[in-house]
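Student: Next come a sequence and a model predicted from it.
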Amino acid sequence: MENKQVPAPGITPPRGRGRRDLVLTLVFTALTILLWYAPTGFEDRLPPEAAQVQARVLSTDNDHVRRYGLILEGDQRLRALVLDGAFAGQEFIADNPFLGKIELDKFFAPGDTALVVLSLQNGQVVGAVAQDHYRLGAEAWLMGLFALLLVAYGGTTGVKALISFAFAALLIWKQMVPRYLAGQDPILITLACLALLMAAVIFLVGGLNRKALTAYLGSLLGVGATCALALWLAPGFTLHGAVKAYAETLLYSGYAHMNVTRIFLATIFLGSSGAVMDLAMDVAASMDELTAHRPDIGFWPALSSGLRVGRVVVGTMTTTLLLAYCGGYMMLLMVFMAQGVPGANIFNMSHVAAEVLNTLVGSLGLISVAPFTALVGAFLLTRRGDKDGQGDAGQGTAQNHIFKPNSNQNEE
């Protein structure tokens, strides 16, 4: 008797996934292009009679430069050759004023390439200022290398990851930052932008399936918990948002009415959202693989497995946040060590307390996202029917279960 090959119960090959993923990719590609051309409302802040050009420094005049230890004061004059734009090939004298701050001042030497701002009047150059060393070429090369390697290694997934990367960067620059400056509530704006940003990242990379939906809902719940913890714990720290770099500069730039403290609180859960998405996807992918191999598994066993996976991943993710924040403040830690500042004084300083709040609230949010994702995954992934098939794991595991001899199958 001829054996018939029939699909295993509860597992069917995925259908229509490629078409859904293509549509989703095209949608977010279109949104990314729209964001690229979307105005921020702040484009007119630069004077219309100005042009930014790339210029090579031919010679320098340092007669008016004064050095006081590590600090430079005065003005350096450069003879520069314009390399691009309408004035390419022309030479101009550009000023490089010093502000007395090492982190902001720059010193040019012949042969350097500078970004120069030309002041125009009736189409003629009336002044030039050396803005900084020209780094756009190196940045473009590095970005191109990143995109090339991501696509070469990830293939189609790499392309979608690149789209989500561009979408996230443009969403922050084109929507989040202008709305902050417009006086809208930073907490609500950040939550709304993160909801859209996480949808782009998770669904583009994970596809439109229950695994990605589990990771997305778990991420949303984790970010919401982090936001609630930040709002609840921040008053006990009595911190002003001006502890963050350039906050004071923003206030003195005509935005003294802004609530920089709420912006600081918004950056807490914004900064941890990437780790939140990683952890949620790890838990969701593990549970998706489990339920694909064990389609008969129940809610409680699946939840228990998700919680066990979450415990393992949380341990490394919390350390990731600590290392990221310590890396940004390594110089400050070295100052404390060099000056012998007592530990009590260090942790009581506003800048350090702000990073303690950042690290611990972000870590608490990470701890919460694992059980949230496990709970959502246990509900969604143990209830998928034949029409839904598997998540991403199903595409690989279905091949191990679909075709079996009829003699080894129980008739339904």
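Tutor: Okay, I see it.
Student: May I have the phi/psi pair for residue 90?
Tutor: Torsion angles at residue 90 (phi, psi; degrees, to the nearest 10) stand at phi -100, psi 150.
Student: does residue 28 really touch residue 202, like I thought?
Tutor: No: the pair residue 28 / residue 202 is not scored as a contact, 11.4 Å apart, by Cβ atoms under 8 Å. Yep, even glycine has a C-beta here, placed from its N, CA and C like the rest.
Student: Compare the two and say which is more crowded by neighbours.
Tutor: Shown here are residue 28 and residue 202; by other Cβ atoms under 10 Å, residue 202 has more neighbours (25 against 21).
Student: So which bits of the helix or strand harbouring that one are buried?
Tutor: Following DSSP states H and E, one finds residue 202 within helix 186-206. For helix 186-206, the buried set under the neighbour-count rule, 16 or more other Cβ atoms under 10 Å, comprises 186-187, 189-191, 193-194, 197-206.
Student: where does this structure have low pLDDT?
Tutor: Scanning the chain for pLDDT under 70 picks out 1-16, 46, 384-412.
Student: Which helix runs longest in it?
Tutor: helix 260-293 (DSSP state H).
Student: Please point out which parts of the helix or strand harbouring residue 143 sit buried.
Tutor: Per DSSP H and E, residue 143 falls inside helix 136-154. Residues of helix 136-154 classed as buried by neighbour count (16+ other Cβ under 10 Å): 147, 150, 151.
Student: Please apply the same query to stretch 218-238.
Tutor: Result for stretch 218-238 [16+ other Cβ under 10 Å]: buried residues 218-227, 229-230, 234.
Student: same thing with stretch 96-109?
Tutor: 96, 98, 108.
Student: do the same with stretch 156-175
Tutor: Residues of stretch 156-175 classed as buried by neighbour count (16+ other Cβ under 10 Å): 157-168, 170-172, 174-175.
Student: same deal with stretch 87-95?
Tutor: For stretch 87-95, the neighbour count (16+ other Cβ under 10 Å) marks 87, 92, 94 as buried.
Student: likewise stretch 68-77?
Tutor: Those would be 72, 76, 77, for stretch 68-77 by 16+ other Cβ under 10 Å.
Student: now, which of those lie within strands?
Tutor: Among those, the members falling in strands (DSSP state E) are 72, 76, 77.
Student: Return the residues in contact with the last one.
Tutor: This means residue 77. Applying Cβ atoms under 8 Å, 6 or more residues apart in numbering to residue 77 gives the contacts 60, 61, 64, 93, 94, 95, 96.
Student: ok, 6 Å please
Tutor: Shown in contact with residue 77 (Cβ atoms under 6 Å, 6 or more residues apart in numbering): 61, 93.
Student: Quick check: it vs residue 53, distance?
Tutor: 17 Å (Cβ to Cβ, to the nearest Å).
Student: rewinding a little: would you reformat the ones in strands among the buried residues of stretch 68-77 as TSV and include distance to residue 49?
Tutor: As requested, those are arranged in TSV below (distance: Cβ to Cβ, whole Å):
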residue	distance to residue 49
72	29
76	24
77	22
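Student: and which of these is nearest residue 339?
Tutor: Residue 339 lies nearest to residue 72 out of those, by Cβ to Cβ, at 24.6 Å.
Student: and that closest one, bridged to which residues?
Tutor: residue 67 (DSSP bridges).
Student: The closest residue to residue 108 other than its chain neighbours bridge partners, please.
Tutor: Nearest-residue entry for residue 108: residue 57, 5.0 Å, with adjacent residues in sequence omitted and distances by Cβ to Cβ, 6 or more residues apart in numbering. Beta-bridge pairing for residue 57 (DSSP bridges): residue 80.
Student: check contacts around residue 57.
Tutor: So residue 57 contacts 78, 80, 108, 110, 112, 114 (Cβ under 6 Å, 6+ apart).
Student: Could you identify the most distant pair in these?
Tutor: Pairwise distances across these (Cβ to Cβ) peak at 11.3 Å, for the pair 110 and 114.
Student: Show me which of these two is the more surrounded one.
Tutor: residue 114 (24 against 11).
Student: now the angle from the helix or strand containing the more buried one to helix 136-154?
Tutor: Here residue 114, judged by DSSP H and E, is contained in strand 113-121. Counting by axes from the mean of the first three to the mean of the last three Cα atoms, to 10 degrees, strand 113-121 lies at 120 degrees to helix 136-154.
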